[in-house]
Structures are given as structure tokens and as C-alpha cells.
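Trainee: I'd like to go over a predicted model; first the sequence, then the structure.
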Amino acid sequence: MNRLPRFYPVVDSAALVRDLAAAGARLVQLRIKQADDDRLRREIADALAACRRHGAQLVVNDHWELAIEQGADFVHLGQEDLDGADLPALRRHGLRLGVSTHDRHELARARGVRPDYVALGPIWPTALKAMPWAPQGVGRIGEWKRAIGTLPLVAIGGITLERAPACLAAGADAVAMVGDVVRHADPPARARAWLDALGSLA
Ligand SMILES: Cc1ncc(COP(=O)(O)OP(=O)(O)O)c(N)n1
Ligand SMILES: Cc1nc(C(=O)O)sc1CCOP(=O)(O)O
Ligand SMILES: [Mg+2]
């Protein structure tokens, strides 16, 4: 298992994938929740071209068939997506898999599909989406890491640059975020600040 870059931004456009990859991000997720297949194809293709140009890896959230078609590096799936996804097809086409977890049951289910990383969230409250889970707290990162060992763990939910070191110290291998970068006045500059703060391992 190749180590995940510690800085893992989640964005909703190929343009932002491009800008963050150009700024130095080496793992970026394209998370588009409402779009028709033609637009999704264009966005994924453009995001992938930008990642290839800058030596970054692209994660596609939800849209696993288009991710296979376009040759993305990773797919990220939520628990509700696992039933409908053709996981053997992902493996056949060489895509790696990230799975969301929010409680012990979901962690056990995620581990059962042998993902390349699991995510735990929301660590802190998040404004991005309504979630039925209470904030996990930093302590649960350590609990998850002790449970999964060398399987990479991504922390997500309310994570800011200021909060990130606590997540990494608690055992997260990477930190994922939306608002702290996407809602910043200058997302590429914020990405560079993240990369500087997380050091060469980012
Ligand atoms: C790195 C990472 N972790 C968790 C999520 C959430 O994914 P999911 O459960 O599929 O929910 P949506 O993002 O689709 O609303 C993620 N996207 N990335
Ligand atoms: C997309 C997502 N998934 C979560 C989970 O817990 O599975 S929390 C989250 C939102 C992350 O956005 P922000 O960094 O702005 O809080
Ligand atoms: Mg999803």
C-alpha cells in the first residue's frame, strides 16, 4: 500500500482539481453531487487530465462506473453505495477504493470489501451536509487506527488547517476537507499553506 498524501482536498469542479493540483496537492477528490452524465464525464476527464499533468491522483466520489470509464485512480463510496457498486470491476480496472465509516458496524462492513483506505467522520461538526452522526471527536481517530492497523485512515469533517495536526497525531494517515479550502478566498494559496504546514509528507 502506497502511503496516502496527508493533504486530501475534496472539491466540486475540475477547475478546482486543476488549481489545487497545480498548487501541489497530490490527492484530490472530485465530489459532484448533482450533474448529468455528460457533464460528469467532462468534469472527470478534465480533472484527470489536470492530475496527470501535475503528478496527482484523482478520487471520484460516488460515480464508480464513470470513474472506471475515464480511468480514475480511486473511487470513494459511502456505505449506501456499496451494495450497488461492482467492486470486482473496480479491481479489474485497477482502481483503488475508499469507503466512508461512521460507526463500528460501518467500519466492519467497509473492512469486508478490502478498501485501500477508510474514512472516519465527521470528526467535528460539518456545515457541508446534514449528517445523522454526532461529531466523532479526535479520540475516535485513535480507536479506528488501533482497529485497522496499517490500512490507511482518512479523517474528515470540520477539519481546518489549525485542527489537522491533532488528527494526524491521533493516527490519521490523511486529512480530508472541503470548506477550509473551497470556501477560502484563495483556495490554491490555502492549499499551499496546508502543504507547507504538513511538510514534505503532504
Ligand atoms: C475522504 C472522504 N470521506 C468521506 C466522504 C463522504 O462520502 P459519502 O459517504 O459517499 O458521502 P458524500 O460525500 O457522497 O455525500 C467523502 N466524500 N470523502
Ligand atoms: C463529505 C463529508 N463526509 C463526511 C463524513 O463524515 O463522511 S463529513 C463531510 C463534509 C466535509 O466537509 P468540511 O471539511 O467542509 O467539513
Ligand atoms: Mg458518496
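Mentor: Yep, that arrived. Ligands and ions are numbered 1, 2, ... in the order given.
Trainee: Give me the below-cutoff pLDDT ranges for the chain.
Mentor: 1-2, 200-202 (pLDDT under 70).
Trainee: give me the number of residues near the residue in it that ligand 1 sits nearest to?
Mentor: Going by Cβ to the nearest ligand atom, ligand 1 is nearest to residue 78 of the chain, at 2.7 Å. C-beta: built from backbone N, CA, C; applies to glycine. Using other Cβ atoms under 10 Å, residue 78 has 15 other residues around it.
Trainee: Kindly list the longest helix within this structure.
Mentor: Longest helix of the chain, by residue count under DSSP state H: helix 37-54.
Trainee: other SSEs contacting it?
Mentor: When contacts are defined as 3 or more Cβ pairs under 8 Å, 6 or more residues apart in numbering; DSSP states H and E, helix 37-54 packs onto helix 14-23, strand 27-30, strand 57-61, helix 64-70.
Trainee: right, so these: which one is the most enclosed?
Mentor: Of all the helices and strands packed on helix 37-54, strand 27-30 carries the top mean neighbour count, a mean of 26, counting by mean count of other Cβ atoms under 10 Å.
Trainee: Within the sheet, what are the partner strands of that strand, with directions?
Mentor: Sheet pairing of strand 27-30 (DSSP bridges) gives strand 7-11 (parallel), strand 57-61 (parallel).
Trainee: sorry, back to before: ligand 3 versus the residue of the chain closest to ligand 1, what's the distance?
Mentor: Distance of residue 78 to ligand 3, given as Cβ to the ion, to the nearest Å: 4 Å.
Trainee: Next, the residue lying closest to that residue once chain neighbours are set aside: phi, psi?
Mentor: Spatial nearest neighbour of residue 78, excluding adjacent residues (Cβ to Cβ, 6 or more residues apart in numbering): residue 100 at 4.6 Å. The phi/psi pair for residue 100 (degrees, to the nearest 10) reads phi -70, psi 140.
Trainee: ok, residue 100 to residue 177 distance?
Mentor: Residue 100 sits 15 Å away from residue 177, going by Cβ to Cβ, to the nearest Å.
Trainee: Settle it for me: which of those two has more neighbours?
Mentor: Of the pair residue 100 and residue 177, residue 177 is the one with more neighbours under other Cβ under 10 Å, namely 25 against 21.
Trainee: dump the residue contacts of the closest residue to ligand 2 within the chain.
Mentor: Taking Cβ to the nearest ligand atom as the measure, the point where the chain comes nearest ligand 2 is residue 121, at 2.4 Å. Shown in contact with residue 121 (Cβ atoms under 8 Å, 6 or more residues apart in numbering): 100, 102, 133, 136, 155-157, 176.
Trainee: restrict those residues to those near ligand 2?
Mentor: 100, 156-157 (Cβ under 6 Å from any ligand atom).
Trainee: want to throw those residues into JSON lines with distance to ligand 3?
Mentor: Listed next are the ones next to ligand 2 among the contacts of residue 121 as JSON lines, based on distance: Cβ to the ion, whole Å:
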{"residue": "100", "distance to ligand 3": "7"}
{"residue": "156", "distance to ligand 3": "11"}
{"residue": "157", "distance to ligand 3": "14"}
